[in-house]
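J.: this is the structure alone, sequence omitted:
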């Protein structure tokens, strides 16, 4: 597994296309959730992804500085291509590391799909909002505070 970490301007057109294709396949098509997937936050993000040994995308997340989508640093667009094999946890651990080390984040905010609350709690996140509908899928805001 290879971890790739790039800011928007460092991504090639081919890489960005591949990331958007994965994000759209999961968040728009698979989850049948119509919303503006491509947004200006991508330009401010640190894009993280794992490639498997064959070079295919295995997981993805974007890390955003404070003030882009939330008052704190945030992590979003979290995808594990294969579910249940630990890749979601691995990409989240890397995203937390990047937010804390590179963005000096003391607090990280996520908007998690409500069904995944326990997954994020195991990483240290705490629910900070009631459930809300985002694109037809129930979400909750969660925060992680640096120990």
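T.: Now that the structure is in, tell me what you want to look at. Quick caveat, the model's predicted, so the values are computed rather than measured.
J.: count of neighbours near residue 46?
T.: 21 (other Cβ atoms under 10 Å). C-beta: built from backbone N, CA, C; applies to glycine.
J.: repeat for residue 103
T.: By other Cβ under 10 Å, neighbour count at residue 103 equals 17.
J.: what does residue 147 give?
T.: With other Cβ under 10 Å as criterion, residue 147 counts 4.
J.: for residue 64, which non-adjacent residue is closest in space?
T.: residue 74 (4.8 Å; Cβ to Cβ, 6 or more residues apart in numbering).
J.: how far out from the middle of the chain is the helix or strand in which residue 19 is found?
T.: In this assignment (DSSP states H and E), residue 19 forms part of helix 13-23. Mean-position distance between helix 13-23 and its chain equals 14 Å (Cα atoms, centre = their mean, to the nearest Å).
J.: packing partners for the lengthiest helix in the chain?
T.: In the chain, assigned by DSSP state H, the helix with the most residues is helix 87-102. Other helices and strands packing on helix 87-102, by 3 or more Cβ pairs under 8 Å, 6 or more residues apart in numbering; DSSP states H and E, are strand 2-7, strand 46-51, strand 57-64, strand 73-80, strand 107-113, helix 117-121.
J.: please convert these to TSV, extending it with distance to residue 17 and mean pLDDT.
T.: Listed next are the helices and strands packed on helix 87-102 as TSV, based on distance: least, Cβ to Cβ, whole Å; pLDDT from 0 to 100:
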stretch	distance to residue 17	mean pLDDT
strand 2-7	14	96
strand 46-51	13	97
strand 57-64	12	96
strand 73-80	15	94
strand 107-113	25	96
helix 117-121	28	96
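J.: what bits of the protein have low per-residue confidence?
T.: Low-confidence segments of the chain (pLDDT under 70): 28-37.
J.: make it 80
T.: 26-38, 135, 147 (pLDDT under 80).
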